[in-house]
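Trainee: Fold the following and give me the result.
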Amino acid sequence: MNRESFAAGERLVSPAYVRQGCEARRSHEHLIRLLLEKGKCPENGWDESTLELFLHELAIMDSNNFLGNCGVGEREGRVASALVARRHYRFIHGIGRSGDISAVQPKAAGSSLLNKITNFLVLDIIKLA
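Mentor: The predicted structure follows:
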């Protein structure tokens, strides 16, 4: 949720409780921001909720996950089974362009970002090893 959503929530439950939730969310977002800024393995491993938040945030950047979008075309990301989509965190579209798998795919901004971060992390691990 963003700031406006938290503010709206304060009209429904105690603002103190909503602020606690907001601070918890910021803790996860801080870890994500550090990863994106530094492009290095975090000092401490992430818990599952931070990982899932990060993957969810990236997946909704891909055009096949836009609300109301019904992609058509031979390369559009489509999956018939919701179970398969959930299992793969809704990363359906894919990365790369015309012969260059590392190229940023405009319709898959989240997948492309995940690919770039993965490459940075692998290089960091090789350096550490």
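Trainee: ok, now which ones touch residue 104?
Mentor: Neighbouring residues of residue 104 by Cβ atoms under 8 Å, 6 or more residues apart in numbering: 95, 97, 112, 116. The C-beta positions use only the backbone N, C-alpha and C, and glycine is treated the same way.
Trainee: got those as TSV, with neighbour count columns?
Mentor: Shown next, in TSV, are the contacts of residue 104 (neighbours: other Cβ atoms under 10 Å):
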residue	neighbour count
95	20
97	15
112	23
116	15
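Trainee: And the residues you listed, which two are furthest apart?
Mentor: 97 and 116 (14.0 Å; Cβ to Cβ).
Trainee: Mark which of the contacts of residue 104 are part of helices, please.
Mentor: 112, 116 (DSSP state H).
Trainee: ok, longest helix in the chain?
Mentor: Per DSSP H, the chain has its longest helix at helix 15-38.
Trainee: Please enumerate residues in contact with that helix?
Mentor: Residues outside helix 15-38 that contact it (Cβ under 8 Å, 6+ apart): 1, 6, 9-10, 42, 46, 49-50, 53-54, 57, 117.
Trainee: And the residue nearest the centre of the chain, which helix or strand is it part of?
Mentor: Central residue of the chain (Cα atoms, centre = their mean): residue 58, 2.3 Å from the mean position. Assigned by DSSP states H and E, residue 58 belongs to helix 48-59.
Trainee: Excluding residues flanking it in the chain, which one is nearest residue 10?
Mentor: Spatial nearest neighbour of residue 10, chain neighbours left out: residue 18 (4.7 Å); criterion: Cβ to Cβ, 6 or more residues apart in numbering.
Trainee: Could you list the low-pLDDT ranges of this structure?
Mentor: Regions of the chain meeting the criterion pLDDT under 70 cover residues 71-75.
Trainee: how much space between the residue in it sticking out farthest from the centre and residue 96?
Mentor: Residue farthest from the centre of the chain, counting by Cα atoms, centre = their mean, is residue 14 at 29.5 Å. Per Cβ to Cβ, to the nearest Å, residue 14 is found 48 Å from residue 96.
Trainee: Check residue 55 too.
Mentor: 19 Å.
Trainee: Thank you, goodbye.
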